[in-house]
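A.B. asks: everything below, folded, please.
(one chain, ligands or ions: 1)
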Amino acid sequence: MKDNMYSPTATAAWSTLTSLAASMNSQTIQDFFHSDPKRANQMTLQVNELLLDYSKNLVSNEIFQQLLALAEQSNLKAHRTAMFAGEVINTTEDRAVLHAALRAEPEDTTSPEDLERNSLVKAQLEQMRLVSEKIRNGQWQGSTGKKITDVINIGIGGSDLGPKLACNGLNEYAHPDIKLHFISNVDGAEILSTLAKLNPETTLVALASKTFTTQETLLNAKTVIHWFERTLGLAQAQTSSHFIGLTANKANAVAYGIPESQILGFAEWVGGRYSLWSSIGLSIAISIGFDGFVEMLRGAREMDIHFQQAPLDQNMPVIMALLGVWYSNFMGAQSSAVIPYCERLLLLPSYLQQLDMESNGKATTLQGKATDYDTGPIIWGQTGTNGQHAFFQLLHQGTRLVPIDFIAAVKDGLSNEEHHRVLLGNMLGQSAALMTGQSAPEAEQHRYYPGNKPSNTLLIDRLSPKNFGALIALYEHKVFVQGSIWNINCFDQWGVELGKKMANKLLDDNLDRTTLDPSSQSLFEHIDRIK
Ligand code: F6P
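C.D. replies: Numbering: from 1, shown residues only. Just a heads-up that it's a prediction; the model follows:
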């Protein structure tokens, strides 16, 4: 049942998993450990410096085998080959999906087109090296001859979240004298309060937008241009050395006035939410250095190779994806939590929200039909231990099933032994308590912990650029595997268009408000009364 005929619900594995799910009430994760003393070992997988323990999941060996069978019976393998080969798998936008090509080496290429693409990527990387090094060593100067001390990345979605997460996550490696700022929201308070703290003479703006058409980014850019014009007396500040454009649409950036030599391009086949590996990642290279950026690519490439070559039962993204499918489609989970025990990964849940929910929040199959099964879950999370004092109550005693990914670095160069021991101890304590639960003393039901709450634990040796790259690529491939099983296009995002169109309509000066729905009309009236 391959290609056009494929539907996950029509596979033999889906039927078996449905029956297995029906008998889950009587089984606990602890039962699985009791019946298989080797479970902890067998359900632990190491890929370079990432270790995944998936033993605390609500899956027996039989369920796990059936999940693997589901992957075999899906189009996953063919789909994976097609993606890496550069086939047009994003059919609704008529595009190949080649973010992995941004981290490939010449030896990974298998065709003349691959090799040509690789040379293009290497040339773009070389431009990024030259620009980032000039900024880092003070050769890149503002219009009054001063070196750059502050870089503002203006972008939104994929043109913001990845670079912002990477710069925060890797701040152990940050340049000591250059501060990075990220402006995404069209909320003026964000940009105006940032500009109020900065010296325009030493500020550089990286205008990051794949399309160079995004409303929020262009309005924020306009505000910064006026700030430079007002403070430095520059005319057309976007033509000055204070601006760099990062885009797949060079023509638009040139039309905007950015000199061509200050535009770092990338290809259309890089999806916005996969673009931190491209020139959109310039802020990362400025912060941690170009060599660090290359290390990040190296870690991601190692995960790409693992994803392509490891058998399915030893394949980290595949296993994480299948566990997610089990909870979403067979156990009724509506959401999935990501809880990094590392404050520097505070933005990981937000990043994964875009990666996962913009990719798999779909209800149309690759054949253009409506799905009759659930797809991507709601992704949410917060760092531990902070979350323990906020929403963990619901995780332990609430009524919802929430599978969790706990993530931590085993060594932390920025912490000390005492803090780190307490941090990791808390994480392990929480995952164990969620699994084991606790009975309540007589007539004290409120002290009852049902337990049997599933989680993965992902341990990273240390949060180096290379391991960070591997971590992000791991989640990219996990999302891809789920999309392949659900038979949806992970790479378009038509669901964001209607809201954008509606906002533009409402912002039109000639809007006839009587054409709006009654709720919007009365909200407008309220705003007019108060403002
Ligand atoms: O509106 C969604 C989206 O298209 C994302 O997919 C993308 O990352 C973001 O907007 C920003 O787009 P751009 O980089 O073209 O400004």
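
A.B. asks: any stretches of the stretch 1-150 of the chain with poor pLDDT?
C.D. replies: For the stretch 1-150 of the chain, applying pLDDT under 70 flags the ranges 1-4.

A.B. asks: need the contact list for the closest residue to the ligand within it.
C.D. replies: Distances between the stretch 1-150 of the chain and the ligand by Cβ to the nearest ligand atom are smallest at Glu93, namely 10.8 Å. Heads up, the C-betas are built off the backbone N, CA and C, glycines and all. Glu93 sits next to 491-492 when contact means Cβ atoms under 8 Å, 6 or more residues apart in numbering.

A.B. asks: name the SS class of it, please.
C.D. replies: Per DSSP: H, G, I helix; E, B strand; the rest coil, the local secondary structure of Glu93 is coil.

A.B. asks: what's the closest non-adjacent residue to Gly437?
C.D. replies: Excluding its sequence neighbours, the residue lying closest to Gly437 (Cβ to Cβ, 6 or more residues apart in numbering) is Gly451, at 2.0 Å.

A.B. asks: is it true that that neighbour touches Ser431?
C.D. replies: No: counting by Cβ atoms under 8 Å, Gly451 sits too far from Ser431 to count as a contact (11.3 Å).

A.B. asks: which of these two has more residues huddled nearby?
C.D. replies: Legend: neighbour count by other Cβ atoms under 10 Å for Gly451 and Ser431, higher for Ser431 (21 against 17).

A.B. asks: contact residues of the stretch 101-250 of the chain facing the ligand?
C.D. replies: Contact residues, the stretch 101-250 of the chain versus the ligand (Cβ under 6 Å from any ligand atom): 155-159, 209-211, 214, 217.

A.B. asks: quick one: list the elements packing against the lengthiest helix in the chain.
C.D. replies: Scanning the chain for the helix with the most residues, using DSSP state H, yields helix 112-136. Using 3 or more Cβ pairs under 8 Å, 6 or more residues apart in numbering; DSSP states H and E, the elements in contact with helix 112-136 are strand 263-265, helix 282-288, helix 290-309.

A.B. asks: state the mean pLDDT of the longest one.
C.D. replies: Going back to what we said before, that points to helix 290-309. Regarding helix 290-309, the rounded mean pLDDT is 98.

A.B. asks: what comes up buried for that helix?
C.D. replies: By neighbour count with 16 or more other Cβ atoms under 10 Å, helix 290-309 contains the buried residues 290, 292-297, 299-304, 306-308.

A.B. asks: ok and the very next helix or strand once past that helix relative to helix 290-309, angle-wise?
C.D. replies: Remark: after helix 290-309, the chain's next helix or strand is helix 316-325, criterion DSSP states H and E. Using axes from the mean of the first three to the mean of the last three Cα atoms, to 10 degrees, the inter-axis angle of helix 316-325 relative to helix 290-309 is 70 degrees.

A.B. asks: just use 31 as the starting number from now, easier for me
C.D. replies: Yes, from this point I'll number from 31; that puts the last item at helix 346-355.

A.B. asks: parallel or antiparallel, list what pairs with the next helix or strand after helix 346-355.
C.D. replies: Per DSSP H and E, the first helix or strand lying C-terminal to helix 346-355 is strand 365-370. Partner strands for strand 365-370, per DSSP bridges, with pairing direction: strand 408-411 (parallel), strand 434-441 (parallel).

A.B. asks: which residues does strand 365-370 contact?
C.D. replies: Looking at what lies outside strand 365-370 - Cβ under 8 Å, 6+ apart - the contacts are 354, 357-358, 376, 378-379, 382, 407-414, 417, 425, 430, 432-438, 457.

A.B. asks: just confirm yes or no for the helix or strand that that strand is followed by near the ligand.
C.D. replies: Later in the chain than strand 365-370, the nearest helix or strand by DSSP H and E is helix 378-382. No: counting by Cβ under 6 Å from any ligand atom, the ligand has no neighbours in helix 378-382; the shortest distance is 11.3 Å.

A.B. asks: show me what helix 378-382 is packed against.
C.D. replies: The contact analysis (3+ Cβ pairs under 8 Å, 6+ apart) places helix 378-382 against helix 191-199, strand 365-370, strand 408-411.

A.B. asks: quick one: the ones you listed as TSV, columns for mean neighbour count and mean pLDDT too.
C.D. replies: What follows is the helices and strands packed on helix 378-382, written out as TSV (neighbours: other Cβ atoms under 10 Å; pLDDT from 0 to 100):
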stretch	mean neighbour count	mean pLDDT
helix 191-199	25	98
strand 365-370	23	98
strand 408-411	20	98
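
A.B. asks: save these as a markdown table, and put in distance to His476 too.
C.D. replies: Shown next, in a markdown table, are those (distance: least, Cβ to Cβ, whole Å):
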| stretch | distance to His476 |
| --- | --- |
| helix 191-199 | 38 |
| strand 365-370 | 23 |
| strand 408-411 | 25 |
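
A.B. asks: report the buried members of the contacts of strand 365-370.
C.D. replies: When the contacts of strand 365-370 are checked for burial by 16+ other Cβ under 10 Å, the buried set is 354, 357-358, 376, 378-379, 382, 407, 409-414, 417, 425, 432-438, 457.

A.B. asks: chain center to the strand or helix carrying Leu458: distance?
C.D. replies: In this structure, Leu458 sits in helix 447-466 according to DSSP H and E. Averaging C-alpha positions (Cα atoms, centre = their mean, to the nearest Å) puts helix 447-466 25 Å from its chain's average.

A.B. asks: what's the angle between that helix and strand 365-370?
C.D. replies: Between helix 447-466 and strand 365-370, the angle comes out at 160 degrees (the same axes, to 10 degrees).

A.B. asks: contacts for stretch 511-521?
C.D. replies: Stretch 511-521 is contacted from outside by 36-38, 100-101, 104-106, 109-110, 119-123, 125, 127, 301, 347-348, 351-352, 354-355, 389-390, 392-397, 401, 403, 405-406, 509-510, using Cβ under 8 Å, 6+ apart.

A.B. asks: tell me which of those residues fall in helices.
C.D. replies: 100-101, 106, 109-110, 347-348, 351-352, 354-355, 389-390, 509-510.

A.B. asks: can you tell me which of the helices and strands packed on helix 378-382 is nearest to Ser305?
C.D. replies: Across the helices and strands packed on helix 378-382, Ser305 has its closest neighbour in helix 191-199 (6.7 Å, Cβ to Cβ).

A.B. asks: run the chain-centre distance for the helix or strand following the closest one.
C.D. replies: Where DSSP H and E defines the elements, the next helix or strand beyond helix 191-199 is strand 209-213. Here the centre of strand 209-213 is set off from its chain's centre by 19 Å, with Cα atoms, centre = their mean.

A.B. asks: what do you get for stretch 477-484?
C.D. replies: From the chain centre to the centre of stretch 477-484 is a distance of 30 Å (Cα atoms, centre = their mean).

A.B. asks: and if you look at stretch 101-121?
C.D. replies: With Cα atoms, centre = their mean, you get 20 Å for stretch 101-121.
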